[in-house]
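[1] Turn this into a structure:
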Amino acid sequence: MLKLVVLISGGGSNLRALLEAARDTEYPARVVAIGADREADGFEHAEAFGIPTFSVPFGGFADRESWGAEMLAQIRQWQPDLVVLSGFMRLFPASVVDALAPHMINTHPAYLPEFPGAHGVRDALRAGVEQTGASVIVVDSGVDSGPILAQERIPVLPGDSEASLHDRVKVVERRLLIQTILDIATGRIDLTEKSPA
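    Alright, predicted model coming up:
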């Protein structure tokens, strides 16, 4: 059984889908803790499912390194097999990435390497592309630049707003995340093969 720590920054819609998937006794992963870099609305899902939470607000630390060190200490308490960034919007210092790599994954609302960064959906719309996508990657010390584990194309429809497109992207993101964790748990994806040399 794969032990997961999930990190969020907001409402946690991907988290909710993962918690519901993990309710199935056949699903080979369990969320053991949910963390955030602020008091996040997604903690409501944690409460509903009886999952412990922790918060390490960035503003309480002198710099990114000291914040990262405390976040890493909180994560390690739970001895996870995998750390899942699910709408977690803050970049970790390289020291944290190195400590957890390659067992930390992230979702992204674009077909990487297209449209990395915090505004993947908005950037796709501004670029006028006919399709975008969703990706699941291994976290490295760059911005959405790690090895790609899964991705899928999503059409941009005439009249799409950022909200309408993002809603459709999220549906695919959730499915890809749940399947990717299943594939890691069952050995179909070997994260050690995905790590940089």
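[2] Can you verify residue 88 is assigned to a helix?
    No - Residue 88: not assigned to a helix; according to DSSP: H, G, I helix; E, B strand; the rest coil it is coil.
[3] Surely it and residue 5 touch.
    No - using CB atoms under 8 Å, residue 88 is not in contact with residue 5, being 10.9 Å away. The way it works is simple: take the backbone N, C-alpha and C, and place the C-beta from them, glycine included.
[4] So these two - more neighbours on which side?
    Neighbours were tallied for residue 88 and for residue 5 using other CB atoms under 10 Å; the higher tally belongs to residue 5 (26 against 21).
[5] helix, strand or coil for that one?
    Counting by three-state DSSP, the backbone at residue 5 sits in strand.
[6] What does the pLDDT read for it?
    Residue 5 carries a pLDDT score of 98 in this model.
[7] For it, which non-adjacent residue is spatially closest?
    Among residues not flanking residue 5 along the chain, residue 80 sits closest, at 4.1 Å (CB to CB, 6 or more residues apart in numbering).
[8] same question, residue 40
    residue 8 (5.0 Å).
[9] now do residue 19
    That would be residue 49: by CB to CB, 6+ apart, it lies 4.8 Å from residue 19.
[10] so how many other residues sit close to the one you found?
    For residue 49, using other CB under 10 Å, the count is 15.
[11] try residue 89
    13.
[12] what about this structure, any weak spots by pLDDT?
    195-197 (pLDDT under 70).
[13] and the longest helix for it?
    As assigned by DSSP state H, the longest helix anywhere in the chain is helix 162-185.
[14] buried stuff in the helix or strand following that helix?
    Per DSSP states H and E, the first helix or strand lying C-terminal to helix 162-185 is helix 191-194. By 16 or more other CB atoms under 10 Å, the buried positions in helix 191-194 come out as 191, 194.
[15] Show residues contacting helix 191-194.
    Helix 191-194 is contacted from outside by 82, 102, 103, 138, 147, 149, 184, using CB atoms under 8 Å, 6 or more residues apart in numbering.
[16] Need the phi and psi values for residue 146.
    Main-chain torsions, residue 146, degrees, to the nearest 10: phi -80, psi 170.
[17] What of the one 3 residues further on?
    Geometry field for residue 149 lists phi and psi as phi -100, psi -40, criterion degrees, to the nearest 10.
[18] If you count neighbours, what's buried in the host helix or strand of residue 126?
    Using DSSP H and E, residue 126 sits in helix 120-127. Residues 120, 121, 123, 124, 125 are the ones in helix 120-127 that count as buried (16+ other CB under 10 Å).
[19] got the contact list for the third one?
    What that stands for is residue 123. Going by CB under 8 Å, 6+ apart, the list of residues near residue 123 reads 110, 115, 117.
[20] One more pass at 7 Å, please.
    Contacts for residue 123 (CB atoms under 7 Å, 6 or more residues apart in numbering) come out as residue 115.
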